[in-house]
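> Got a predicted model here, sequence first, then my questions.
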Amino acid sequence: MDLLTNILRVVNEILVAGNAITALALLLYALTFNLRDRVARTFALIMGCVAIIGLTDVLAATTVGAQEIEAWLRLQWLGIAFLPATYLHFSDALLEATGRPSRGRRFWAVRVAYALGLVSFLIAARPDLLLANLGEAGGVPHLTAGLWFPAFLAFFFAALGIVASSLWRAYQRCRTRTSRRRMRYLMLGAAGPVLIAYPFLTAGGPFLLQWPLVFWTTQTLINILVAVQMVLMAYSVAYYGISYPDRVVKSRLFQWILRGPVVASTVLAVSVVVNRIALLMGTEQSRLVPIAMVSTLLLLQFAITLFRPSIERWLFYGEDRQDISRLHLLEERLLTSGDLRQFLEAILNAVSDVAGASSAFLALMADGRVDLEVAVGPDDPLQEIGQLPPTLADSQRSELPELGPVFAWDSYWLIPLHQPGGSEIIGLLGIRAIALEEGLPPESASALKVLSERASFAIAERLLQREVFSAVDRLVPQAEEVQRLRAVGRYAGSDLLQGEPELQAEADLAHMVRDALTHYWGGPRLTRSPLLRLRIVQEAMAQNNGNAVNALRSVLSRGVERVRPSGDRRFTGEWMLYNILEMKFLEGRKVRDVALRLAMSEADLYRKQRVAIEAVAAAISQMEQEAAARAARNQ
């Protein structure tokens, strides 16, 4: 019986530590992925209280001195005392998210609860008021109840009663079957932190520990249940303030839990078990403990990497598996500019070897212009000769065996690259003409033809993918809006009737402008920017072939130009803001280079950059107002 009790105590300690790790991981998750949402922020406060309670519990259980144990147990009340207030705060945010903002009563109730939580914690630090002295029952140290402990319990349960009522009201306001199901998960999970925070031993320690086996079994089951409940809460909260598809949210949370709490808790459990076994064998500070920890960490990461994609497809994708497979295939196989450049460089190196040429280049022909894509060898055709010829009509034409027509351009031979299966010229293969003046052997000409066909295929694929990227740029803003409306409709369907959200504050606009400028030449902060919904961006799409991202880029450029002083460009104080914007964002220079060019420290540059971005935000706001005024006049 004693052996089983000791085993349960060890397991319970591991579970308590695991719950503290889980709470901390979920706190970081909420602050990482949906920090701007009020529901997520208040959920993070609850997880912070749980992490404090679990961490101090573990420290008290592993401490020897009575004075230090009492100090940790009193510090534990930082989490216990503030938990009712954080729950009230959370329920208020939840009701607001479902379309029921506070009319003043919940606003003040939350603040009074935080004040009472602070008073409770301060009183808990002094013996005999809320908590008396350190006691022990069944070998378990705990703080005994003080004079005001019943008053705290009354506050604790009163606050949780209000929270339960608010959660039920939020559940009734959910509009869709999915949102109601997730709200049920949240209501079930909300009991978890309460079970951790409730001071069982202070309320009835000696009585409960009369049956140690029953007590530790119950505590172990409660800690397992709490871990599941916290994950349920996190799963439900993860959808608030997020416009991503459900599968993305599920996959992200699943991976976060696997690589965080699961790995950390398992490594902790293995280290504790191995250490206890080593002590039983009479070996203190055994080297097996670090070896077991490292081995467990590596094996778990290997298993997660190997099996996670299959588990996600089975759990999260459902009937969408084929669509997701296409998206993953597109992500894995799509050629980027860097991929194409590497492949074309390999082709040019082979061409140079076959033709015996010192230099070669490949150019793309699209939209009526010729752009140099890649060149190899010591000679740069653009530096030597200048602009590439827009057409081949004026070039001298020759015929080479196996290759067909070849055109002379200065010191280069130009081989036209045709669309596979068609006659349209999509690129030019340029070869230094010195080695081709006397022709090529038949085998070299055949090899050169094969290489030119492969270059044609790669260029045609790249041009096709440019169209795909352009379509994606047009699709992303619309998909973002659909996802936003879908997220709104989960909880407050009447909000679907509202128009597009206005930019409510200059600070918010400055934040959006900064994000968009940071990814000015491409990136999710530009392609998914809320600025894409601006009226001026919609107007600019007409001049950018319907491409919303290019339209936003042009609006940002116009906003920067409005910051530009009149006259010729200089590097004086008057031009400081414009110079920072142009060099840092439009030209994409590094911070160190910009600071060096403008003769200022990096810290000063960041301060001036903030002012410059605010100036651009003000200019864009003015442009938006002008566009609204034009629209009003035209009506």
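Received, thanks. Residues are numbered from 1 along each chain as shown.

> Specify the local secondary structure of Ile415.
Put simply, Ile415 is strand when judged by DSSP: H, G, I helix; E, B strand; the rest coil.

> How about the contacts made by it?
Contact partners of Ile415, counting by Cβ atoms under 8 Å, 6 or more residues apart in numbering, are 403, 406, 428-431, 448, 452. Yep, even glycine has a C-beta here, placed from its N, CA and C like the rest.

> same question, Asp92
By Cβ under 8 Å, 6+ apart, the contact set of Asp92 is 42, 102, 106-107, 109-110, 166.

> got it, and Leu55?
Ala20.

> which element is it on?
According to DSSP states H and E, Leu55 maps onto helix 38-61.

> and Gly260, how many residues sit next to it?
17 (other Cβ atoms under 10 Å).

> surely Leu258 meets Ala303?
No. Using Cβ atoms under 8 Å, Leu258 is not in contact with Ala303, being 9.3 Å away.

> which stretches of the chain form strands?
131-137, 140-145, 360-366, 369-376, 396-400, 404-409, 412-418, 425-432 (DSSP state E).

> Would you convert those into TSV that also reports mean pLDDT?
Shown next, in TSV, are these (pLDDT from 0 to 100):
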stretch	mean pLDDT
strand 131-137	81
strand 140-145	84
strand 360-366	79
strand 369-376	76
strand 396-400	59
strand 404-409	73
strand 412-418	81
strand 425-432	82
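
> can you redo those strands as TSV with distance to Ile277?
Below are the strands of the chain laid out as TSV (distance: least, Cβ to Cβ, whole Å):
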stretch	distance to Ile277
strand 131-137	28
strand 140-145	24
strand 360-366	65
strand 369-376	61
strand 396-400	79
strand 404-409	78
strand 412-418	69
strand 425-432	68
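
> Tell me which of those sits nearest to Glu561.
Among the strands of the chain, the nearest to Glu561 by Cβ to Cβ is strand 369-376 (24.6 Å).

> Send me that closest one as CSV with only the CA atoms.
This file holds the C-alpha atoms of strand 369-376, laid out as CSV (Å, rounded to 0.1, in the frame of the first residue of the first chain):
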residue,chain,number,x,y,z
ARG,A,369,10.3,43.6,-73.0
VAL,A,370,13.5,41.5,-72.6
ASP,A,371,14.9,41.0,-69.1
LEU,A,372,18.3,39.4,-68.4
GLU,A,373,17.6,36.4,-66.0
VAL,A,374,21.0,34.9,-65.5
ALA,A,375,24.5,35.0,-66.9
VAL,A,376,27.7,33.0,-66.4
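
> Who are the packing partners of it?
helix 337-355, strand 360-366, helix 381-384 (3 or more Cβ pairs under 8 Å, 6 or more residues apart in numbering; DSSP states H and E).

> Give me the sheet partners of it and which way each runs.
Sheet pairing for strand 369-376, assigned by DSSP bridges, gives strand 360-366 (antiparallel).

> Can you pull out the low-pLDDT segments for the stretch 351-500 of the chain?
366-369, 380-404, 433-440, 466, 469-500 (pLDDT under 70).

> chain center to the helix holding Leu55, what's the gap?
Relative to its chain's centre, helix 38-61 lies at 23 Å (Cα atoms, centre = their mean, to the nearest Å).

> Stretch 441-456 now?
In terms of Cα atoms, centre = their mean, the gap separating the centre of stretch 441-456 from the centre of its chain is 46 Å.

> mind listing what's buried in that stretch?
Buried residues in stretch 441-456, counted by 16 or more other Cβ atoms under 10 Å: 444-445, 447-449, 451-452, 454-456.

> Then stretch 531-543?
Buried residues in stretch 531-543, defined by neighbour count with 16+ other Cβ under 10 Å: 531-537, 540-541.

> Also stretch 178-195?
179-180, 182-183, 185-187, 189-194.

> Please parse this protein into its domains.
2-243, 244-330, 337-465, 506-634 (automatic domain parsing).
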